[in-house]
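**Student:** Provided below are the primary sequence and the corresponding predicted coordinates.
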Amino acid sequence: MTKQINRLRGIMKALRTPVTGCPWDLEQDFKTIAPYTIEEAYEVADAIEREDYDELKSELGDLLFQVVFHSQMANESGYFDFDDVAEAISNKMEVRHPHVFGDAEHRDADAQTIAWEEQKAKERADIGSGDKPVGALSGVARTLPAMIRAQKLQKRAARVGFDWPDVKAVLSKVDEELTEVKEATSSGNLRHIEEELGDLMFVLVNVCRKSGLQAEDVLKKANAKFEGRFEAMESAARAEGTDFETLSLKEQEALWQRVKGAQQQ
């Protein structure tokens, strides 16, 4: 394993070597590479979703290369190198798993999750200083997909007591926000509409969280359901010798209801 890691690091170093390296790789910096890192992480998730494990091996390699790429650039600037990255995560995992690597007693999964979050909170507090104290929402990455970040922010707030008592209370807030969306759309003020829609979406994420669901997964499944039904409509139209695009909205809606009914049987 060490041999293969060192080979990969050597390839990256060669790509970044002035004059003899790759011009494209030499032009990159942390900010230009970051979007590729995010893209590779999503491709890993996609391979897992499709249960394509040969592809997963390839995508994990691409993601590992991103870690090596960032580490090489950091080494060139004197910040840290790949060994420092590996050591840092090793230290972190040992500290966060005292029931495995320390003297703490074994816990069930729920207790371990609580201990994990408490340790993370302690680490965030240790990072803070008197000039810039670390709050409950500190450290939630701004580059996360908005749905995932909203749920993380809500979860953090809930840990310090800022939370709805139950789903019923959140649903009342949904009704309130929906009314405000309707009022905003009637005004025609785009900025106001945007604000109220954002509030509604944020509260809907809260409904997911209070129901024990991941908002991102909920929307992902809704996307898949819509995609499947839409494609079924197009197929039905073709089977009847009709171009779906030429149908009136009323005819398309009728087709939608037909497909929906067939899928629910």
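**Tutor:** Nice, thanks for sending it over.

**Student:** so residue 138, which state does it fall into?
**Tutor:** coil (DSSP: H, G, I helix; E, B strand; the rest coil).

**Student:** chain center to the helix or strand harbouring residue 258: distance?
**Tutor:** Here residue 258, judged by DSSP states H and E, is contained in helix 249-264. Put simply, helix 249-264 sits 33 Å off its chain's centre (Cα atoms, centre = their mean, to the nearest Å).

**Student:** all numbers from here: first residue = 5
**Tutor:** Sounds good: first residue 5 from here, last item helix 253-268.

**Student:** that one - what's its average pLDDT?
**Tutor:** Across helix 253-268, pLDDT averages out at 92.

**Student:** list of residues touching that helix?
**Tutor:** Applying Cβ atoms under 8 Å, 6 or more residues apart in numbering, the contact partners of helix 253-268 are 232-233, 236-237, 240-241, 248, 251. Yep, even glycine has a C-beta here, placed from its N, CA and C like the rest.

**Student:** how about a markdown table for those, with secondary structure added?
**Tutor:** As requested, those are arranged in a markdown table below (three-state DSSP):
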| residue | secondary structure |
| --- | --- |
| 232 | helix |
| 233 | helix |
| 236 | helix |
| 237 | helix |
| 240 | helix |
| 241 | helix |
| 248 | helix |
| 251 | coil |
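
**Student:** which one of these sits in the busiest neighbourhood?
**Tutor:** The residue in the contacts of helix 253-268 with the most neighbours, by other Cβ atoms under 10 Å, is residue 237 (21 neighbours).

**Student:** how many neighbours does the nearest residue to that residue once chain neighbours are set aside have?
**Tutor:** Excluding its sequence neighbours, the residue lying closest to residue 237 (Cβ to Cβ, 6 or more residues apart in numbering) is residue 259, at 4.9 Å. Residue 259 has 20 neighbours, counted by other Cβ under 10 Å.
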